[in-house]
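Colleague: dropping a prediction and its sequence here:
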Amino acid sequence: MKAFTYVNPANEKDAVAALAPEFEKAVPIGGGQDLLARMKDYVTQPDRLVNVKSLDATVTAAGGGLKIGAAMKMVDLAEHAQVEKMYPAISAAAIEVGTPQIRNQGTVGGNLNQRPRCWYFRNEEFVCFKKGGTTCFSPSGENQFHAIFGGGPSYIVHPSSLAVPMVAYGATFRLLGPKGERMVPAAEYFTMPTLQNVRTENVLAPDEILTHVVLPAPGNVKTGHYEVRYKESHDWPIAFATVVLTMNGANVASARVVMGAVAPIPWRSQAAEQALSGKPVTEQTASAAADAALRDARPMSQNAYKVQVAKTAVKRAILRAAGVQTA
Ligand SMILES: Cc1cc2nc3c(=O)[nH]c(=O)nc-3n(C[C@H](O)[C@H](O)[C@H](O)COP(=O)(O)OP(=O)(O)OC[C@H]3O[C@@H](n4cnc5c(N)ncnc54)[C@H](O)[C@@H]3O)c2cc1C
């Protein structure tokens with residue numbers, strides 16, 4: 001690993017000041033589980049690490065919703081009673097992340113900003129788009145776990161389990177930089193790759209940090225979250241979905257259907273949402289919505305199986321939201 005300096009800022013302003021570009025290449029570090037692994041693999045080589053895990057790690061009430069400090073550990077998020085009561089999909093996503101050790105060390109900010117797990121990105125020998133190269137190796141290579149939506153130019157899937165319920169609940173992220181704070185809706189924070197921005201996955205500037213997640217009052221909604229994995233622990237999901245339903249009696253008044261691990265961003269399906277609108281939730285309507293969610297999927301040579309897996313995740317998340325227990 002390349003040598004680096006370590007800064008322990010006293011507060012968020014000092015953290016931002018320590019990231020200023022006039023210094024060496026500096027990056028924030030939370031629990032370090034993603035960043036240190038990339039540094040050991042020579043994929044990321046910063047000169048300075050700025051510790052942000054001692055910043056705000058609390059949950060406070062905010063306008064009928066909750067404000068979560070980005071330094072909060074995943075385990076504390078998963079076990080937070082108020083979060084579980086108001087935003088059950090966030091707790092469900094947090095509790096399924098990795099292993100107890102990973103949740104004990106990982107932070108909310110680190111989880112939302114972790115870099116892709118693509119094996120080409122993680123191998124220093126492959127200079128892909130994300131490392132300044134001119135290609136994505138997955139379409140003609142090993143693409144079992146890659147995107148089925150989006151159409152490139154990079155085919156990563158976003159690795160954060162928390163990002164999906166954050167988009168589904170309409171969260172806003174507070175970012176702090178040298179010019180002050182800005183509030184960015186989660187749905188606009190994560191960015192689809194273009195040839196111009198392909199090296200990053202979000203709108204965060206190099207001298208900014210994510211300090212808080214602000215969740216709006218949930219209202220009278222029903223939520224379902226469903227993840228499909230190869231194994232119960234120690235792995236990322238193959239595909240998953242968060243569904244938030246607003247009901248009008250027995251019928252769905254409006255829905256938010258967001259899928260994870262299928263695209264470079266949390267992938268919202270308006271087709272599925274429209275398919276549910278005005279209907280009761282039954283096996284048939286849930287299946288029809290799941291079919292609609294995956295209609296535009298474009299799998300590559302080795303990941304067509306993800307279409308059915310994602311369909312199942314969407315259907316079961318809808319049924320869970322409506323209170324129908326699934327396997
Ligand atoms: C075996 C295994 C299984 C896993 N399974 C899952 C899973 O199912 N779902 C899932 O979501 N994750 C999973 N993970 C990933 C794990 O959850 C993340 O690596 C972890 O949450 C990252 O948190 P951290 O605080 O350690 O991040 P760090 O490594 O400290 O940071 C990650 C990135 O975020 C940046 N960063 C950190 N904090 C901030 C901030 N406040 N503002 C701006 N940028 C910041 C860092 O610069 C870095 O680039 C798994 C990991 C392993 C090893």
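Modeller: Yep, that arrived.
Colleague: wait, what's in contact with residue 161?
Modeller: With contacts defined as Cβ atoms under 8 Å, 6 or more residues apart in numbering, residue 161 is in contact with 93-94, 96-97, 111, 227, 236-237, 240, 260. C-beta coordinates here come from the backbone N, C-alpha and C atoms, glycine included.
Colleague: please apply the same query to residue 299.
Modeller: If a contact means Cβ under 8 Å, 6+ apart, then residue 299 has 148, 306-307 as its contacts.
Colleague: so which of those residues comes closest to residue 294?
Modeller: Out of the contacts of residue 299, the one with the shortest distance to residue 294 is residue 307. That distance is 5.2 Å, counting by Cβ to Cβ.
Colleague: mind telling me what element that closest one is part of?
Modeller: The secondary structure element spanning residue 307 is helix 305-321 (assigned by DSSP states H and E).
Colleague: for that helix, what is the distance to the chain centroid?
Modeller: Centre-to-centre, helix 305-321 and its host chain are 18 Å apart (Cα atoms, centre = their mean, to the nearest Å).
Colleague: list the buried ones in that helix?
Modeller: 306-307, 309-321 (16 or more other Cβ atoms under 10 Å).
Colleague: strands of the stretch 1-150 of the chain, residue ranges please.
Modeller: Ranges of strands in the stretch 1-150 of the chain, per DSSP state E, counting those that start in this stretch, are 5-7, 26-29, 48-51, 59-62, 65-69.
Colleague: in the contacts of residue 161, which residue is surrounded by the most others?
Modeller: Within the contacts of residue 161, residue 260 tops the neighbour count with 31 neighbours, counted by other Cβ atoms under 10 Å.
Colleague: follow-up on the earlier one: among the contacts of residue 161, which are in helices?
Modeller: Using DSSP state H to define helices, the subset of the contacts of residue 161 located there is 93-94, 111.
Colleague: dihedrals phi and psi, residue 208?
Modeller: In terms of degrees, to the nearest 10, the main-chain angles of residue 208 are phi -110, psi 160.
Colleague: contact partners of the helix holding residue 307?
Modeller: For helix 305-321, the surrounding residues in contact (Cβ under 8 Å, 6+ apart) are 148, 222-228, 238-245, 255, 257, 259, 261-262, 269, 272, 276, 281, 283, 285-287, 289-291, 293-294, 297, 299, 325-327.
Colleague: restrict the residues you listed to those near the ligand?
Modeller: Contacts with the ligand within those, counted by Cβ under 6 Å from any ligand atom: none were found.
Colleague: out of these, which are buried?
Modeller: Those of the contacts of helix 305-321 that meet the buried threshold are 148, 222-228, 238-245, 255, 257, 259, 261-262, 269, 272, 276, 281, 285-287, 289-290, 293-294, 297, 299, by 16+ other Cβ under 10 Å.
Colleague: return the subset of the residues you listed lying in helices.
Modeller: The subset of the buried ones among the contacts of helix 305-321 that ends up in helices is 272, 276, 285-287, 289-290, 293-294, with DSSP H as the criterion.
Colleague: next, format the residues you listed as CSV and append pLDDT.
Modeller: CSV is the format used below for those (pLDDT from 0 to 100):
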residue, pLDDT
272, 98
276, 98
285, 97
286, 98
287, 98
289, 98
290, 98
293, 98
294, 98
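Colleague: which one of the residues you listed is nearest to residue 120?
Modeller: residue 294 (25.1 Å).
Colleague: for the ligand, see how far away that closest one is.
Modeller: Residue 294 is 21 Å from the ligand, where distance means Cβ to the nearest ligand atom, to the nearest Å.
Colleague: and the furthest pair within the ones in helices among the buried ones among the contacts of helix 305-321?
Modeller: Taking Cβ to Cβ as the measure, those span a maximum distance of 15.5 Å, between 285 and 294.
Colleague: residues contacting the residue of the stretch 1-150 of the chain found nearest the ligand?
Modeller: Nearest residue of the stretch 1-150 of the chain to the ligand: residue 110, at 2.1 Å (Cβ to the nearest ligand atom). Shown here is residue 110, whose contacts under the criterion Cβ under 8 Å, 6+ apart are 29-35.
Colleague: out of those, which are inside helices?
Modeller: With DSSP H as the criterion, helices contain residue 35 from among the contacts of residue 110.
Colleague: the closest residue to residue 267 other than its chain neighbours pairs with what?
Modeller: Leaving aside its chain neighbours, residue 267 sits nearest to residue 259 (4.6 Å; criterion: Cβ to Cβ, 6 or more residues apart in numbering). Per DSSP bridges, residues listed as beta-bridge partners of residue 259: residue 241, residue 267.
Colleague: so residue 296 versus residue 153, what's the distance?
Modeller: From residue 296 over to residue 153 the distance is 18 Å, taken as Cβ to Cβ, to the nearest Å.
Colleague: neighbour count winner among the two?
Modeller: Neighbours of residue 296 and residue 153, each counted by other Cβ under 10 Å, are more numerous for residue 153; the result is 17 against 12.
Colleague: now do the contacts for residue 56.
Modeller: Taking Cβ under 8 Å, 6+ apart as the test, what residue 56 contacts is 12, 69-71, 211-212.
Colleague: still on that earlier bit, residue 144: which of the ones in helices among the buried ones among the contacts of helix 305-321 is nearest?
Modeller: The nearest member of those to residue 144, counting by Cβ to Cβ, is residue 294 at 17.3 Å.
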